[in-house]
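[1] Quick one: sequence and predicted model below, then my questions.
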Amino acid sequence: MKAVARHWHVIDEENKRVECDLCPHHCKLRDGQYGICGVRKNEGGKLVTFTYGTLVSAAVDPIEKKPLYHFLPGHATFTIATPGCNFKCLGCQNWEISQVPPKVAEKTPMFLETFIPPEAVVEKAIETGCKSISFSYTEPTIYFEYMLDIARLAKQRGLKTVMVSNAFIEEKPLEELLEVIDAFAYDLKFFSDEAYRKYAKGRLEPVLRTIKRSFEAGKWIEITTLLVPQYLDEKQIEDIAHWIRDELAPWVPWHVSRFFPYYKAQDLPPTPMEMIEFAVKTGKEAGLYYVYAGNIPHTDWENTYCPECGELLIERFGYTLKSYNLKPGGICPKCGRKIEGVFE
């Protein structure tokens, strides 16, 4: 459904030009022009969004799929998405719904006629027995207004809220989300501005700023790095591990995920196992307590071990918990160490 957007301002009243302040692209739009995301448009000097209530996906997922391993492990999360993204990742696995060409929204009945109110999303989450609502699959920043309203209602009904994001958002809208989002699964794709620009049409600095601010606000955060061959090198992997340790904390979980070729990156190979092994080793040598590897067959890299005594605390098989051995409060049953996370 089309609605007036938040976070924009007029830059030329006479010519009806506006600037979007939602993300660091700061698209400056003429009347009738769309932003990079493909779902925000200047209509007569007002910025409108075509994604308020325009659900393109809704499902009950395990929270481990986000991936979040230390946030109420094993619980079901009601996950939604609308179309659009402010990145143009060459290897996007959800490109059919994330990449919206200009002018498609104003011609497509789904954008114009679909309206699932925030109340309906919250009710469905409760009805399906979920403990949280997750905003995922595409980039939630692009449906900011819808996400914000759902999250506010969810908090009132006792549900947790999760944002799975590329972290490419401006400071003011982020501050609004920090009031209602409980956990963030952030992508830190590269540690190179050049790689961000070439692969995703993004930038590194705003991503780091968003992640650090969310951490400082006391939100639960887990970081995921998709190991993209040719764009991500060993130096970047080392820099990411050190940045998490030094700028966040050594106990912030780091997920390194195997890349498979999709969309416009089918010339790239899947991530070699040697690269995954290097990333896991690098994270541990940097002093990170919890380093996980995903998108690969079952390994010990899916499990949570006590960083103090090495006790197996949570055993996983894919997105399923095989065993859960933490005591109430997230306490290791062997040595009594409190494990970082949200476990109750």
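    Nice, thanks for sending it over.
[2] Pull the number of nearby residues for Thr320.
    11 (other Cβ atoms under 10 Å). Placement of C-beta: from N, CA and C, glycine included.
[3] show me what contacts the residue nearest to it when sequence neighbours are not counted?
    Nearest non-adjacent residue to Thr320, counting by Cβ to Cβ, 6 or more residues apart in numbering: Pro62, 7.1 Å away. Remark: with contacts taken as Cβ atoms under 8 Å, 6 or more residues apart in numbering, Pro62 is in contact with 74-77, 319-320.
[4] now, the most widely separated pair of the residues you listed?
    With Cβ to Cβ as the measure, no two of the contacts of Pro62 lie farther apart than Thr77 and Thr320, at 14.4 Å.
[5] Direction included, what does the lengthiest strand in the chain pair against?
    Assignment by DSSP state E gives strand 220-227 as the longest strand of the chain. The partner list of strand 220-227 in its sheet, established with DSSP bridges, is strand 183-187 (parallel), strand 254-258 (parallel).
[6] Let's have these in CSV, adding mean pLDDT, distance to Val122 and mean neighbour count.
    Compiled in CSV, the strands paired with strand 220-227 are given as follows (pLDDT from 0 to 100; distance: least, Cβ to Cβ, whole Å; neighbours: other Cβ atoms under 10 Å):
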stretch, mean pLDDT, distance to Val122, mean neighbour count
strand 183-187, 98, 17, 24
strand 254-258, 98, 28, 24
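[7] Tell me, what's the model's pLDDT at Ala5?
    The model reports Ala5 with a pLDDT of 97.
[8] Please report how far it lies from Cys20.
    Using Cβ to Cβ, to the nearest Å, we find Ala5 at a distance of 7 Å from Cys20.
[9] residues shared between the contacts of the two?
    For the pair Ala5 and Cys20, residues contacting each of them under the criterion Cβ under 8 Å, 6+ apart are 40, 47.
[10] ok so, going back, reformat the strands paired with strand 220-227 into TSV and put distance to Glu216 next to each item.
    Below are those laid out as TSV (distance: least, Cβ to Cβ, whole Å):
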stretch	distance to Glu216
strand 183-187	12
strand 254-258	18
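[11] neighbouring contacts of the worst-scoring helix or strand of the chain on mean pLDDT?
    Using mean pLDDT, DSSP states H and E, helix 109-113 stands out as the lowest-scoring helix or strand of the chain, at a mean of 89. Taking Cβ under 8 Å, 6+ apart as the criterion, the residues outside helix 109-113 that touch it are 1-2, 39, 50-51, 54, 56, 83, 104-106.
[12] now with 7 Å?
    2, 50, 54, 105 (Cβ atoms under 7 Å, 6 or more residues apart in numbering).
[13] Counting neighbours, which of these comes out on top?
    Across the contacts of helix 109-113, the neighbour count under other Cβ under 10 Å reaches its highest value at Phe50, namely 29 neighbours.
[14] Would you mind naming the residues that bridge with the closest residue to Lys28 other than its chain neighbours?
    Across the structure, with Cβ to Cβ, 6+ apart as the measure, the residue nearest Lys28 apart from its sequence neighbours is Glu19 (5.0 Å). Using DSSP bridges, the beta-bridge partners of Glu19 come out as His9, Lys28.
[15] before we move on, the earlier item: pop out the phi and psi values for the residue nearest to Thr320.
    According to degrees, to the nearest 10, the main-chain angles of Pro62 amount to phi -70, psi 140.
[16] before we move on, what about Gln156?
    Torsion angles at Gln156 (phi, psi; degrees, to the nearest 10) stand at phi -60, psi -30.
[17] how close does it get to Ile181?
    Gln156 is 14 Å from Ile181, by Cβ to Cβ.
[18] More neighbours: which of those two?
    Taking other Cβ under 10 Å, Gln156 and Ile181 do not tie; Ile181 has more neighbours (26 against 10).
[19] hang on, the earlier thing: can I get the CA coordinates of the longest strand of the chain in PDB?
    As requested, C-alpha coordinates have been extracted for strand 220-227 and formatted as PDB (Å, rounded to 0.1, in the frame of the first residue of the first chain):
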ATOM      1  CA  TRP A 220      21.700  -8.100  21.600                       C
ATOM      2  CA  ILE A 221      23.800  -8.300  18.400                       C
ATOM      3  CA  GLU A 222      25.200 -11.100  16.300                       C
ATOM      4  CA  ILE A 223      27.300 -10.500  13.200                       C
ATOM      5  CA  THR A 224      27.300 -12.500  10.000                       C
ATOM      6  CA  THR A 225      29.900 -12.400   7.300                       C
ATOM      7  CA  LEU A 226      29.200 -14.100   4.000                       C
ATOM      8  CA  LEU A 227      32.500 -15.400   2.700                       C
END
